[in-house]
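Visitor: Got a predicted structure plus its sequence, pasted below:
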Amino acid sequence: MSEQLVIDVAGLTKSFSGRKVVDNFDLQVPRGAIYGFLGPNGSGKTTTIRMVCGLLKPESGHGRVLGFDVLDQSSLIKERVGYMTQKFSLYEDLSIRENLEFIARLYKLDRRHERVDKALADLGMVERQAQVAGKLSGGWKQRLALAACMIHEPELLLLDEPTAGVDPKARRDFWDQIRRYSAQGVTTLVSTHYMDEAVQCDSIAYIAYGKKLLDAPTAEIPKQIGLACWRVAGRPLQQAQAQLERAPGVELVARFGAEIHVCGHDSALIAAAAVRAKESFPHLQISEIEAGFEEIFIYLMAGSADNFQ
Amino acid sequence: MKLPKLSFDLSWARVFAVFLKELVQMRRDRPTFAIMIMMPIMQLVLFGYAINTDPRHLPAVVELREDGPMTRAFLASLKASTFVDIVAISTRESEGDAMLRSGEASYLITIPDGFERRLVRGERPQILIDADASDPVAAAGAIGAIESVARSAFSAEFEGALASLASPPPPYEIVVHRRYNPAGVSAFNIVPALLGIILTMTMVMITSIALTRETERGTMENLLATPVRPMEVMIGKITPYVFVGAVQVVIVLLMATFLFHIPFTGSPFAFLVGVTLFILANLMLGYLISTIAKTQMQAMQMTFFVFLPSILLSGFMFPFRAMPNWAQALGEALPITHFLRIVREVVLKDADMPDILGDLGPLALITLALATLALLRFRRTLD
């Protein structure tokens, strides 16, 4: 194993009742990175994360996680990985403190009391520690779950859609916390649906149909996709959109509030389409813009919308 | 308080919608559906054939102190009768007693020394029947049967010079000793056995949802993501209920003593060993169910699947020996069958450790087998 790669797996494959959910998946995550998993529902994100932490046995493939064999040494991997499930999976009928104590005991941690105290303080839950977990709001449950999977100070954090159903403020706080861990050298693999979270990651892997379609450092992705974009605003937007969708070379027409972004790989065709729209509807304003992540991911998702077939 | 007004204005279209939805959901829940169909069939076949309230083929040991033509004729008639099966013919005095206590025999039939000589002289010698009355139902039936067997066996012998003996009253006397429960009080039989039923019901039911609940609530995924091992989960989950079981035992014992005046004659140590092993066996059985059941509902249904034979095939409701062999074999595989024998032997029959070893062994074996199966069933992954 290269000292720098925390996850280094290749060819991971898993199918459920005959359908390949994850197909020949390679992934390399360097130490300390925040690695984003992006893809539509049912694309195999959860299955991949479960295979990485030893909760599912891959049918084929090989590799190492934290230097341990992903097929044979899953119990050693489990001891060193913090896994936060998509659904809240701590005990709703135990208090916050009892949940943390239970997890700490399972990892046979020393100074248990002290660690739980510290975790409670870090998350601002000291006053609420006796509260039953089931009564917490989504944001607090998420904080508790993160605290629980960090209590044994894992080197690798696996977060499966950690911010689903959590308000924007709590999401920001959550990401600040992840970045603090990252600065301490913790590696994070996080799956998400949110674009604003995706851009927080150092690198992004885009998955669809259980296959990885894109894997690059976040900053390089716009260049890799090479999408040309024009912004169209004004009236009548609805008719303009209909016309743009029919124009040659247009691969994506996305509405953002009071404006439309028209994108495609051939910049000349996109420019021509925008100019023609302006000719048809003189009140429109058009300008060329840089393709943002939003456009890129809508473009990617549009190309792989149907994952259930 | 204002009650909501009942409205009878209903739409059959909506009723039909709910009805259809229920049908589809019922069909999707395959295991529940299968149990609903299989349960009545299996139980009817199983219990319909197995249960026999008219006990026959009860094991008897004959203590023969004398060997003559008449005793041989009596023995032959006994052997031919379907009421008792002679499992041993003993000549030593204590052997029959031990078999009665350990439950190997339900009857001890003793023909005393000089029986024939005294019979011929008209001294009305005694035939002694010691019946294990710890189960009064099983005991009552065959006592009468043995009397009639004796009458027909001897009357065939009373010919020629002995013809005068054939007229009533019979020239012998049958003396019946109801051992262990001389008054034939049903409570003496039922109350200790109820301890077994109560423990089976609560212990199996409580642990049958041990893992099922974790799976249903989604906490299993988190548990599996930690380094915890299957054996650790099993022991940790089962131990609290050992204490619950102990509390139940104490409650039942107190009530048995003060409410029902059950004599507790045997060794408390033997009882403790037996009841502890039995509680463990039930907890393992419940735990095994919880590794199979996908929902708590299924766990409950499986619990009842175990519970009914525990009542019907264990010797709790109906005499064990009266069941056909295949049903007895099924009964032997149930923990409660062995516990019932242990508890009756210890509480009513003054038994000690050596007497119950014959049932402790199978009970330990069942416990071990259940634990092994449960550990093999426990999946360490979500596959």
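Guide: Looks like it came in fine.

Visitor: Do I have it right that residue B:149 meets residue B:81?
Guide: Yes: between residue B:149 and residue B:81 there is a contact at 5.0 Å, judged by CB atoms under 8 Å. To be clear about C-beta, it is placed using only N, CA and C from the backbone, and glycine gets the same treatment.

Visitor: so how far is chain A from the residue nearest to residue B:109 when sequence neighbours are not counted?
Guide: Closest residue to residue B:109 apart from its sequence neighbours, by CB to CB, 6 or more residues apart in numbering or on different chains: residue B:62 at 4.8 Å. Distance, residue B:62 to chain A, by CB to the nearest CB, to the nearest Å: 62 Å.

Visitor: what's the burial count for residue B:62?
Guide: Residue B:62 is flanked by 23 other residues according to other CB atoms under 10 Å in any protein chain shown.

Visitor: Quick check: beta-bridge partners of it?
Guide: residue B:89, residue B:109 (DSSP bridges).

Visitor: That one: what's it in contact with?
Guide: Residues in contact with residue B:62, defined by CB atoms under 8 Å, 6 or more residues apart in numbering or on different chains, are B:75, B:78, B:86, B:88, B:89, B:90, B:108, B:109, B:110, B:111.

Visitor: in stretch B:20-40, what counts as buried?
Guide: B:32, B:35 (16 or more other CB atoms under 10 Å in any protein chain shown).

Visitor: tell me the average confidence for it?
Guide: Model confidence over stretch B:20-40, given as mean pLDDT, is 80.

Visitor: what about it and chain A, touching?
Guide: No: using CB under 8 Å from any CB of the partner chain, stretch B:20-40 stays clear of chain A, coming no nearer than 14.5 Å.

Visitor: Contact partners for residue B:200?
Guide: Residue B:200 makes contacts with B:282, B:306, B:307, B:310, B:335, B:336, as judged by CB under 8 Å, 6+ apart.

Visitor: make it 10 Å
Guide: B:278-279, B:281-282, B:285-286, B:303, B:306-307, B:310-311, B:314, B:316, B:334-336, B:339 (CB atoms under 10 Å, 6 or more residues apart in numbering or on different chains).

Visitor: Now the buried members of those.
Guide: Counted by 16+ other CB under 10 Å, the contacts of residue B:200 give B:278-279, B:281-282, B:285-286, B:303, B:306-307, B:310-311, B:314, B:316, B:334-336, B:339 as buried.

Visitor: any chance you could map the strands in chain A?
Guide: Assigned by DSSP state E, the strands in chain A fall at A:5-16, A:19-30, A:34-38, A:60-65, A:68-69, A:81-84, A:156-160, A:187-192, A:203-208, A:211-217, A:228-233, A:252-256, A:259-264, A:285-290.

Visitor: Residue B:76: neighbouring residues, count only.
Guide: Using other CB under 10 Å: residue B:76 sits among 11 other residues.

Visitor: Just confirm it contacts residue B:152, I think it does.
Guide: No: using CB atoms under 10 Å, residue B:76 is not in contact with residue B:152; the gap is 11.1 Å.

Visitor: Which one of the residues in the stretch 201-350 of chain B is closest to chain A?
Guide: residue B:222 (3.8 Å; CB to the nearest CB).

Visitor: Wait, that residue touches residue A:160, no?
Guide: No: if you go by CB under 10 Å, residue B:222 and residue A:160 don't touch, sitting 11.4 Å apart.

Visitor: Looking at those two now, which is surrounded by more residues?
Guide: residue B:222 (25 against 22).

Visitor: got the strands of chain A as CSV, with distance to residue B:372 and mean pLDDT columns?
Guide: Output for the strands of chain A, formatted as CSV (distance: least, CB to CB, whole Å; pLDDT from 0 to 100):
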stretch, distance to residue B:372, mean pLDDT
strand A:5-16, 29, 92
strand A:19-30, 33, 90
strand A:34-38, 40, 91
strand A:60-65, 31, 92
strand A:68-69, 28, 93
strand A:81-84, 29, 94
strand A:156-160, 33, 94
strand A:187-192, 37, 93
strand A:203-208, 41, 89
strand A:211-217, 42, 86
strand A:228-233, 64, 90
strand A:252-256, 59, 87
strand A:259-264, 62, 90
strand A:285-290, 65, 88
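
Visitor: out of those, nearest to chain B?
Guide: Closest to chain B of those, according to CB to the nearest CB: strand A:81-84, at 4.3 Å.

Visitor: Can I get that closest one in PDB, CA atoms only?
Guide: Below are the C-alpha coordinates for strand A:81-84, written out as PDB (Å, rounded to 0.1, in the frame of the first residue of the first chain):
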ATOM      1  CA  VAL A  81     -13.500   3.400  10.600                       C
ATOM      2  CA  GLY A  82     -16.300   5.700  11.600                       C
ATOM      3  CA  TYR A  83     -19.500   4.900   9.600                       C
ATOM      4  CA  MET A  84     -22.500   7.200   9.700                       C
END
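
Visitor: Give me the subset of the contacts of residue B:200 lying in helices.
Guide: Using DSSP state H, the members of the contacts of residue B:200 that fall within helices are B:278-279, B:281-282, B:285-286, B:303, B:306-307, B:310-311, B:335-336, B:339.
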